[in-house]
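**Q** here you go, sequence then predicted model.
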Amino acid sequence: MNTKTKTAISPTRAENYPLWYQEVIKAAELAEVSPVRGCMVIKPWGWGIWENMQRVLDKMFKDTGHENAYFPLFIPKSFLEKEAEHVEGFAKECAVVTHHRLEQGPDGKLIPAGPLEEPLVVRPTSETIIGAMFAKWIQSYRDLPLKINQWANVVRWELRPRLFLRTAEFLWQEGHTAHATAEEAWEETRLMLDVYAQFVEEYLAIPVIKGEKSAGERFPGADATLTIEAMMQDRKALQAGTSHFLGQNFSRAQEIKFQDQTGHEAFAWTTSWGVSTRLVGALIMAHSDDDGLVLPPRIAPKQVVILPIYRNDAERTTVLEHCQRLQTSISALSFSGIPIQSQVDDRDLRGGEKKWYHVKRGVPVRVEIGPRDVAAGSVFAARRDTGQAVNISCAEFLAVLPQWLDSMQQGLFDRALAFRRQHTRDFHDLAEFKDFFTPRRQETEEPEIHGGFAIAHFADIPEVAELLKELKVTVRCLPLDAERTEGRCLFTGKQTDTRAVFAKAY
RNA sequence: CGGGGUGUAGCGCAGCCUGGCUAGCGCACCUGCUUUGGGAGCAGGGGGUCGUGGGUUCAAAUCCCUCCACCCCGACCA
């Protein structure tokens, strides 16, 4: 590392946000691009974050009455041909398996042989194959509701991949449910959106706007798509999770039928909902700074790292022993019901180097203990979020640690919320709206900076979509909790009581 | 998939325009000494199919063509 640079990450966010993002991932050892185009390798620290996400979400799903199951990676092409709108939505991104055998050619190279009778599509999502199974499992209203979740990988052949945000293969969970009534299915759709919002706000410390997607942004084949939208530090929006009310579209296509209490046959009402490893990208872009990753304590794989400082073997022994005692004490503690995980980093690295290693990885609290601390029974402790550092007694530190972690969690959320509010504006004038989304720094090589989130009255008709396209702005959502006030659509002048959030988006 | 850019040691880069000793530099790595509450100093050292394949030439990192990968912008995005 160059000691002359003031920040651990170069370029900084202000200098080049997209590059900064990639550098943070590299410096924090979250993931790498793989030899396979568009696919990433998730490294242990990044995987630890995803594991925590999985653990928390999985419990939330089970607490709301869902069960896990697993469905095949491969989907017969014919399955996808059953729902026209659905297929059209993602056909361009599908990977297709056409052969089942490799043979060695004369030049020693392997040649696909044994063509499949019916090509298999690598799942881009599993509505169709799960629907096919639901159709078998559901006979009577007594079989409903059926509430299944699966943790899986999916493939969408992306042309412009970015680590965590958009990769050809990614990991996610997809929930699929079937219900006897529209009301119940709608309730499920709403409930899971709330679960997502709660998770993202309480664990990832990212404030979200809950809303419904406009017709143009809706999931293909869905009657309604609900979303949670978050603002990143470059003021762009990121869709952090979606929950779809599929109506009877898929049950009609796949014959998910049941006999109701009156003996009549009816199509089930289905939902699907998912979040992906994209959340890791959201986490990075929401909180990290020019020194690297900043992790909210509740999702961090480790909350505390202890760095022993010593000059010789004798000191090493005493200092290490002291560190391990501290670790044992910490392991008995928890914050907000979460056990505090700590780690002693005893690698043979120079102090400064080791310190920056953990700063870049975003470990919430860094503790440094040297011989003087051992003698005094004290520790040097620093917070990753504010950089605030103190020298206090061991006992004091242990007493204050849970509060530190809680306040960091809250502090990160508050900071992100304040940032979003600062860059969210109401609009009643189209010229001002356009100005809001016009790049500010065109004269330089630096990436553009645009306004942020714009809120305005909106009539959901195709003409508006065309106009927005020119500005490279999208309708992020129609907020669910917005007050229904009458006004004129910013674009068409039509009278409407619908207001929408507009932004540039990932 | 369209436009632009970049591929040289683990990482970051110079060299290329104008072809010519054994291809350099910083960080990292190894050895030794010194240093030690902090991204250490000095000395020595290891590590390279110059992205791939072909072409031009006495001679290619350098010029020409092919392909691949990555980055940026756009289109697309459940």
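**A** Noted; the coordinates are in hand. Just so you know, these numbers come straight off a predicted model, no measurement behind them. Numbers count the residues shown, from 1 in each chain, chains lettered A, B, ... in the order given.
**Q** and the longest strand for chain A?
**A** Secondary structure of chain A per DSSP state E: the longest strand is strand A:110-122.
**Q** what's that strand packed up against?
**A** Contacts defined by 3 or more Cβ pairs under 8 Å, 6 or more residues apart in numbering; DSSP states H and E place strand A:110-122 against strand A:74-76, helix A:77-80, strand A:96-104. (Each C-beta comes from the backbone N, C-alpha and C, glycine too.)
**Q** next secondary structure element downstream of that strand?
**A** Later in the chain than strand A:110-122, the nearest helix or strand by DSSP states H and E is helix A:127-137.
**Q** for that next one, which positions count as buried?
**A** A:127-135 (16 or more other Cβ atoms under 10 Å).
**Q** how about the strands in the stretch 401-506 of chain A?
**A** Per DSSP state E, counting those that start in this stretch, the stretch 401-506 of chain A carries strands over the ranges A:424-426, A:453-457, A:474-479, A:487-488, A:495-496, A:499-503.
**Q** will you turn those strands into JSON lines that also has mean neighbour count, mean pLDDT and distance to RNA strand B?
**A** As requested, those are arranged in JSON lines below (neighbours: other Cβ atoms under 10 Å; pLDDT from 0 to 100; distance: least, Cβ to the nearest atom of the strand, whole Å):
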{"stretch": "strand A:424-426", "mean neighbour count": "14", "mean pLDDT": "93", "distance to RNA strand B": "21"}
{"stretch": "strand A:453-457", "mean neighbour count": "21", "mean pLDDT": "93", "distance to RNA strand B": "17"}
{"stretch": "strand A:474-479", "mean neighbour count": "22", "mean pLDDT": "93", "distance to RNA strand B": "7"}
{"stretch": "strand A:487-488", "mean neighbour count": "14", "mean pLDDT": "92", "distance to RNA strand B": "27"}
{"stretch": "strand A:495-496", "mean neighbour count": "15", "mean pLDDT": "91", "distance to RNA strand B": "24"}
{"stretch": "strand A:499-503", "mean neighbour count": "24", "mean pLDDT": "93", "distance to RNA strand B": "12"}
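**Q** show me what contacts A:Arg142?
**A** By Cβ atoms under 8 Å, 6 or more residues apart in numbering, no residues touch A:Arg142.
**Q** correction: the previous question concerned A:Leu57.
**A** A:173, A:195, A:199, A:275.
**Q** count of neighbours near the residue nearest to the last one when sequence neighbours are not counted?
**A** I take that to be A:Val275. Leaving aside its chain neighbours, A:Val275 sits nearest to A:Gly241 (4.2 Å; criterion: Cβ to Cβ, 6 or more residues apart in numbering). A:Gly241: 27 surrounding residues under other Cβ atoms under 10 Å.
**Q** quick one, the helix or strand where A:Gly241 lies and strand A:474-479 angle?
**A** Here A:Gly241 sits within strand A:237-245, counting by DSSP H and E. Strand A:237-245 runs at 50 degrees relative to strand A:474-479, counting by axes from the mean of the first three to the mean of the last three Cα atoms, to 10 degrees.
**Q** hmm, back to that, nearest to RNA strand B among the buried residues of helix A:127-137?
**A** RNA strand B lies nearest to A:Glu127 out of the buried residues of helix A:127-137, by Cβ to the nearest atom of the strand, at 8.0 Å.
**Q** next up, the contacts around the closest one.
**A** Applying Cβ under 8 Å, 6+ apart to A:Glu127 gives the contacts A:83, A:86, A:176, A:221, A:246, A:250, A:272.
**Q** can you check A:Thr271 too?
**A** Neighbouring residues of A:Thr271 by Cβ under 8 Å, 6+ apart: A:175-177, A:179, A:185, A:188-189, A:192, A:243-246.
**Q** possible to save those as CSV with pLDDT and distance to A:Pro35?
**A** Output for the contacts of A:Thr271, formatted as CSV (pLDDT from 0 to 100; distance: Cβ to Cβ, whole Å):
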residue, pLDDT, distance to A:Pro35
A:Gly175, 97, 33
A:His176, 97, 33
A:Thr177, 98, 38
A:His179, 97, 44
A:Ala185, 97, 43
A:Glu188, 98, 41
A:Thr189, 97, 40
A:Met192, 97, 36
A:Ser243, 97, 35
A:His244, 97, 35
A:Phe245, 97, 40
A:Leu246, 96, 37
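**Q** may I see the buried residues of the longest strand of chain A?
**A** Counting neighbours by 16+ other Cβ under 10 Å, one finds that the buried residues in strand A:110-122 are A:120-122.
**Q** I'd guessed A:Val501 sits against A:Gly211; true?
**A** Yes. Between A:Val501 and A:Gly211 there is a contact under Cβ atoms under 8 Å: 6.6 Å.
**Q** what is in contact with those two at once?
**A** A:229, A:476-479.
**Q** quick check: the farthest pair among the residues you listed?
**A** Greatest spatial distance among the shared contacts of A:Val501 and A:Gly211 (Cβ to Cβ): A:Glu229 and A:Leu478, at 10.8 Å.
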